[in-house]
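> Generate a structure from the sequence data that follows.
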Amino acid sequence: MDNGKILTKYVTSLMLFGSNGIVTSYILLSSGQTVFFRTLIGSIFLIFAILITKTKINALKNKKDLFYTAISGAALGGAWILLCEAYTKIGVSLSTVLYYCGPVIVIAVSPLIFGEKITVSKLLGIVAVLFGMFMLNKSELLSGGLSVGVLYGIMAAVLYSVMVIFSKKASSIKGVENSAIQLLSSFAISAVFLAVKGDISFNIGHESIVPIIILGVVNTGLGCFLYFSSIQGLKAQTVSIFGYIEPLSALVYSAFILGERMSFSQSLGAVFIIGGVAAGEFISDDTLRAAKRFMIRLKVFSKGRAAH
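Just a heads-up that it's a prediction; the model follows:
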């Protein structure tokens, strides 16, 4: 599959994930229970997909990659749980900003783990998207202080980076098989979390059934299939920079579906995120050097005209 198709699958998964907040707002369960059911339903969906498509299982042939995939899935489940816990402590906006420090961690370690060079354009791109994230959530960031919720958000970011790194290292397990193992591991972690917390008494109202199914099948099952089957074919830095499309899409959905107005600073933040993603991925260092040379020549030319 060519890089364009892989990138399209990845962006589609991010836009699905961006609608998680809207779907979960209709589910009247605790955060831990919501993660439990989304991973359970998502896992069942992917297992059925394997059976229907008669996908050949290769995971047992490479136990090291199977271990990496399981670790990645467990990290994903842990990140979702910690993020949901952070939501209840410090709110969605600040939690999201902290969680999306995870891509920065991936970019920072990518030269050591994957041998990827950090280019100037990638650095400019990540700076732009971080500034955009700040502008999207400026008021919450400035009013928030160090708390347990902040710690949850930071830990979720670390687990996000672990998820991406180990998923990319498991190169021999691909597609729906990879996604199923990831979600089964996430489900196991969420089940253990509920057992330890003593939150295993489920009271699912009829109004929550359809949103739970949508979250499990579409946002989690299909979303994770698109996500995990695409990130293995992309550079870690590309995965990280494009990952900021998810929180941006969440904001856009809130504006169009829930009627929430975007402030000027949020609109500016959205522009910086889009610009940062584009700059980090599609502008090469050669282009930046050529632009710099052009600006120097333009400056010299302007001085020459001024002297005459």
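
> Go ahead and produce CSV holding the CA coordinates of stretch 129-138.
Output of stretch 129-138 as CSV, limited to C-alpha atoms (Å, rounded to 0.1, in the frame of the first residue of the first chain):
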residue,chain,number,x,y,z
VAL,A,129,1.0,22.3,16.9
LEU,A,130,2.0,22.7,20.6
PHE,A,131,1.3,26.4,20.4
GLY,A,132,-2.0,25.6,18.7
MET,A,133,-2.9,23.2,21.5
PHE,A,134,-2.1,26.0,24.0
MET,A,135,-4.4,28.4,22.2
LEU,A,136,-7.2,25.9,22.0
ASN,A,137,-7.1,25.4,25.8
LYS,A,138,-5.5,28.6,27.0
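
> does residue 247 sit in a helix or strand, and which one?
Assigned by DSSP states H and E, residue 247 falls within helix 245-257.

> for that helix, packing partners?
helix 3-18, helix 20-24, helix 120-136, helix 264-282 (3 or more C-beta pairs under 8 Å, 6 or more residues apart in numbering; DSSP states H and E). C-betas here are computed from N, CA, C, even on glycine.

> right, and the helix or strand after the helix or strand that contains residue 42?
Per DSSP H and E, residue 42 falls inside helix 31-53. Note on helix 31-53: by DSSP H and E, the next helix or strand toward the C-terminus is helix 63-90.

> which of the residues in that next one are buried?
Buried positions in helix 63-90, judged by neighbour count with 16 or more other C-beta atoms under 10 Å: 65-66, 68-87, 90.

> So what's the gap between the helix holding residue 247 and the chain middle?
14 Å (C-alpha atoms, centre = their mean, to the nearest Å).

> contact partners of that helix?
The contact list for helix 245-257 (C-beta atoms under 8 Å, 6 or more residues apart in numbering) reads 11, 14-15, 17-22, 96, 100, 132-133, 136, 260-262, 266, 270, 273-274, 277.

> change it to 7 Å
11, 14-15, 17-19, 21-22, 96, 100, 133, 136, 260-262, 266, 270, 273, 277 (C-beta atoms under 7 Å, 6 or more residues apart in numbering).

> Quick one, which of these are buried?
Of the contacts of helix 245-257, these count as buried by 16+ other C-beta under 10 Å: 11, 14-15, 17-19, 21, 96, 100, 133, 136, 266, 270, 273, 277.

> so residue 19 makes contact with residue 218?
No - taking contacts as C-beta atoms under 7 Å, residue 19 lies outside contact range of residue 218: 8.7 Å.

> Which positions in the helix holding residue 247 come out as buried?
So, applying 16+ other C-beta under 10 Å, buried residues of helix 245-257: 245, 246, 247, 248, 249, 250, 251, 252, 253, 254.

> got the contact list for residue 271?
So residue 271 contacts nothing (C-beta under 7 Å, 6+ apart).

> Distance check, it against residue 263.
Relative to residue 263, residue 271 is positioned 13 Å away (C-beta to C-beta, to the nearest Å).

> what do you get for residue 30?
31 Å.

> Give me the nearest residue to residue 154, chain neighbours excluded.
Nearest non-adjacent residue to residue 154, counting by C-beta to C-beta, 6 or more residues apart in numbering: residue 98, 5.7 Å away.

> any idea which element that neighbour lies in?
helix 92-99.

> Whatever helix or strand comes next after that helix - contacts with which helices or strands?
Once helix 92-99 ends, the next helix or strand along the chain (criterion: DSSP H and E) is helix 102-113. Helix 102-113 is packed against helix 120-136, helix 148-169, helix 236-242, with contacts defined by 3 or more C-beta pairs under 7 Å, 6 or more residues apart in numbering; DSSP states H and E.

> got these as a markdown table, with mean pLDDT and distance to residue 182 columns?
Converted to a markdown table, these look like this (pLDDT from 0 to 100; distance: least, C-beta to C-beta, whole Å):
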| stretch | mean pLDDT | distance to residue 182 |
| --- | --- | --- |
| helix 120-136 | 78 | 25 |
| helix 148-169 | 89 | 7 |
| helix 236-242 | 84 | 15 |
